[in-house]
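Asker: no sequence for this one, just the structure:
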């Protein structure tokens, strides 16, 4: 049973990776110059012990740090940090509640502790993560400080859920934590109800999510204006010919514009969909 | 430690899958009409519990049947049966001996039992496997009989190693069992010593193996003459331009000619290479 949950999470990472086109992201047909398809395969394998830990009932912070450490060791880069921050509590939720529901996920987030938060800070020491600046009152708790922030964290007594939600209000992964995975579960529904072959449904879900909400990673790297223009273009392409989407995907990769947060949400949605039963 | 061994085996399956061109096989750029890239991803995930079992010291037959059952349940087809028949004893060998050597692999094969053989026969009940006809004195032990062959198996007291080697002398996977993984370790050496990027080394290793020895799956499906012609063509292309190899890969897929046994050996070689340290 627990093995099946981790299987679903690992397969979600792999199916998200392979789906194409997924404009701006590494996919079956595209590599980034400094981040290749094989590294994402390796990251999905390396994350497995952390996903197994979450499925076996480990605290979310422990499971997450284990997953990130394994990912970074295998991929030798940050391939799936955001996706794992979504998957780890969702795997825990299915392990505890027996099914993927927003209520079960909310319970898992609510139960996170200060120790979980400390593990989260340590996870940033395993790999480079691009994040937005924290709010002013969170300066001492900037995740980029890694374990150096842990004394401040403990003195303020913040749980992992509080840290994730407060430290990056503009972050699309944190938004999922703040909303009990609203977009994740919506996207899981469209993945489950679509009738096209699964790879096409994944690609379409990616484009719709990107059209709906500017990507947080694009905003962190290139500014909010660029992120909004990318989403506007995605909206124009939702009903376009596939060739137009393919051409745009090539251009985004060339420009180094990588809507990675949107891909993270797709991976999480795939996990929810797989655990609820997903047609291929 | 044991987790790392199963990680290597799973990553071997995924890296073998993604490498392209790998003429006639599903690869990053090619699907078969009735067998898609995503099914191989799913098979590699589903096989994981069996690989974990082998790494944890389970009998080879048990680990193999578990891996095949998981593969078949996830992929809904036979995606990696042959590769798993090579990987399972190799994972056991690394778990026991601490490193991948032909001597350690030979010890694992030598130690297999009649019970392991019974599990092997049961594995054929989980999925369809294309194999050559058995030798005349093995008619009652045709693997295609599945568990029905087990009483005959027990009355003759054959071990898994004896069954694999004797039941399919023309099979390329069985040949690896009969030779203590000769081609697997040779291919692992070329994977480790090459200087090209890893995906290119995998593709080149595949082509050289295919050029050296007619593929057993092609022979079983299309006859020995076709298998020999495929190997002759592979030999001509070993030093050819990549574009010529790509064109031939497309033609083989169109013709439904699938050198799957050669791909199985590449996956096993990747596992050995990964466990000995492999540059990307």
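Answerer: It's in. Computed from a prediction, not measured in an experiment: that's the story for all the values here. Numbering: from 1, shown residues only, chains lettered A, B, ... in the order given.
Asker: got the buried residues for stretch A:206-223?
Answerer: A:206-211, A:213-222 (16 or more other CB atoms under 10 Å in any protein chain shown). C-beta here means a position set from N, CA and C on the backbone, and glycine is covered the same way.
Asker: Of the residues you listed, which ones also sit close to chain B?
Answerer: The subset of these within reach of chain B, by CB under 8 Å from any CB of the partner chain, is empty.
Asker: Could you identify the helix or strand that succeeds the helix or strand harbouring residue A:199?
Answerer: When elements are assigned from DSSP states H and E, residue A:199 belongs to helix A:198-212. Remark: after helix A:198-212, the chain's next helix or strand is helix A:216-222, criterion DSSP H and E.
Asker: Just the mean pLDDT for that next one, thanks.
Answerer: Mean pLDDT, computed over helix A:216-222, is 92.
Asker: List the contacts of stretch A:95-112.
Answerer: Contacts of stretch A:95-112 with the rest of the structure, by CB atoms under 8 Å, 6 or more residues apart in numbering or on different chains, involve A:2, A:5, A:54-57, A:59-61, A:89-90, A:92-94, A:159-161, A:177, A:180-182, A:185, A:188, A:271-272, A:275-276.
Asker: now, which of those lie within helices?
Answerer: Among those, the ones falling in helices (DSSP state H) are A:2, A:5, A:54-55, A:60-61, A:89-90, A:92-94, A:160-161, A:177, A:182, A:185, A:188, A:271-272, A:275-276.
Asker: and chain A, which residues reach chain B?
Answerer: So chain A meets chain B at A:3, A:7, A:10-11, A:14-15, A:18, A:28-29, A:37-38, A:41-42, A:44-46, A:48-49, A:70, A:74, A:76, A:198-199, A:280 (CB under 8 Å from any CB).
Asker: Narrow the residues you listed to those that are buried.
Answerer: For those, buried by 16+ other CB under 10 Å: A:7, A:10-11, A:14-15, A:18, A:28-29, A:37-38, A:41-42, A:44-46, A:48-49, A:70, A:74, A:198-199.
Asker: Sitting in helices, which of these do you find?
Answerer: The helices, defined by DSSP H, take in A:7, A:10-11, A:14-15, A:18, A:37-38, A:41-42, A:44-46, A:48-49, A:70, A:74, A:198-199 from these.
Asker: For residue A:237, give me its contacts.
Answerer: A:23, A:207, A:211, A:244-245, A:248.
Asker: Let me have the residues you listed in CSV, adding pLDDT as columns.
Answerer: Compiled in CSV, these are given as follows (pLDDT from 0 to 100):
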residue, pLDDT
A:23, 97
A:207, 97
A:211, 98
A:244, 96
A:245, 97
A:248, 97
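Asker: Check those and tell me the two furthest apart.
Answerer: Within those, A:211 and A:244 form the most distant pair, 13.8 Å apart (CB to CB).
Asker: Report pLDDT for the residue nearest to residue A:181 when sequence neighbours are not counted.
Answerer: The spatial neighbour of residue A:181 that comes closest, neighbours along the chain excluded (CB to CB, 6 or more residues apart in numbering or on different chains), is residue A:105 at 5.1 Å. With respect to pLDDT, residue A:105 has a value of 98.
Asker: Give the residue spans of chain A that score low on pLDDT.
Answerer: For chain A, the stretches flagged by pLDDT under 70 are A:1-3, A:168-169.
Asker: Wait, residue A:156 touches residue A:141, no?
Answerer: Yes: using CB atoms under 8 Å, residue A:156 and residue A:141 qualify as a contacting pair, with a distance of 7.4 Å.
Asker: my guess is residue A:268 contacts residue A:177, does it?
Answerer: No: taking contacts as CB under 8 Å, residue A:268 lies outside contact range of residue A:177: 10.9 Å.
Asker: Those two: which is more packed in?
Answerer: Using other CB atoms under 10 Å in any protein chain shown as the criterion, residue A:268 and residue A:177 rank with residue A:268 on top: 33 against 23.
Asker: What are the boundaries of the strands in the stretch 101-250 of chain A?
Answerer: Taking DSSP state E, counting those that start in this stretch as the criterion, the stretch 101-250 of chain A contains no strands.
Asker: Once you drop chain neighbours, what's closest to residue A:259?
Answerer: Leaving aside its chain neighbours, residue A:259 sits nearest to residue A:215 (3.6 Å; criterion: CB to CB, 6+ apart).
Asker: give me phi/psi at residue A:128?
Answerer: With angles defined as degrees, to the nearest 10, residue A:128 sits at phi -80, psi 130.
Asker: show me what contacts it?
Answerer: A:77-78.
Asker: quick one: it from chain B, how far?
Answerer: 18 Å (CB to the nearest CB, to the nearest Å).
Asker: any idea how far that residue is from residue A:141?
Answerer: Going from residue A:128 to residue A:141 by CB to CB, to the nearest Å gives 18 Å.
Asker: Buried by neighbour count, from the contacts of stretch A:95-112: which ones?
Answerer: Among the contacts of stretch A:95-112, those that count as buried by neighbour count (16+ other CB under 10 Å) are A:2, A:5, A:54-55, A:59-61, A:89-90, A:92-94, A:159-161, A:177, A:180-181, A:185, A:188, A:271-272, A:275-276.
Asker: neighbours of residue A:82, just the number please.
Answerer: 27.
Asker: Tell me how far it lies from residue A:184.
Answerer: Between residue A:82 and residue A:184 the computed distance is 12 Å (CB to CB).
Asker: I'd like to know which of the buried residues of stretch A:206-223 is nearest to residue B:124.
Answerer: Distances from residue B:124 to the buried residues of stretch A:206-223, taken by CB to CB, are shortest for residue A:206, at 39.3 Å.
Asker: Please report how far the closest one lies from chain B.
Answerer: 15 Å.
Asker: got a list of what that residue touches?
Answerer: Contacts of residue A:206 (CB under 8 Å, 6+ apart): A:19, A:22-23, A:25, A:262-263, A:266.
Asker: Take these and write them to CSV, including secondary structure and neighbour count.
Answerer: CSV is the format used below for the contacts of residue A:206 (DSSP: H, G, I helix; E, B strand; the rest coil; neighbours: other CB atoms under 10 Å in any protein chain shown):
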residue, secondary structure, neighbour count
A:19, coil, 24
A:22, coil, 28
A:23, coil, 28
A:25, coil, 28
A:262, helix, 33
A:263, helix, 28
A:266, helix, 30
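Asker: If you tally nearby residues, what's the number for residue A:148?
Answerer: Residue A:148 has 13 neighbouring residues, counting by other CB under 10 Å.
Asker: Residue A:147 too?
Answerer: Neighbours of residue A:147 (other CB under 10 Å): 14.
Asker: Could you find the closest non-adjacent residue to residue A:260?
Answerer: residue A:217 (4.2 Å).
Asker: what about stretch A:69-86, start to end distance?
Answerer: 16 Å (CA to CA, to the nearest Å).
Asker: And that stretch, what's buried?
Answerer: A:69-72, A:74-75, A:77-86.
Asker: just stretch A:192-202 next, same as before
Answerer: So stretch A:192-202, judged by 16+ other CB under 10 Å, has buried residues A:192, A:194, A:198-199, A:201-202.
Asker: Closest one of these to residue A:121?
Answerer: Lowest distance from residue A:121 to the buried residues of stretch A:192-202 (CB to CB) belongs to residue A:202, with 32.1 Å.
Asker: from memory that closest one sits against residue A:15, does it?
Answerer: Yes: between residue A:202 and residue A:15 there is a contact under CB under 8 Å: 6.4 Å.
Asker: Find the residues that touch each one of the two.
Answerer: residue A:270.
Asker: list the contacts for residue A:253?
Answerer: A:24, A:30, A:32.
Asker: Residue A:140 too?
Answerer: Residue A:140 neighbours (CB under 8 Å, 6+ apart): A:149, A:152.
Asker: Repeat that for residue A:163.
Answerer: A:117, A:120, A:141, A:143, A:153.
Asker: Can you get me a residue count around the first one?
Answerer: Here the number of neighbours of residue A:117 (other CB under 10 Å) works out to 27.
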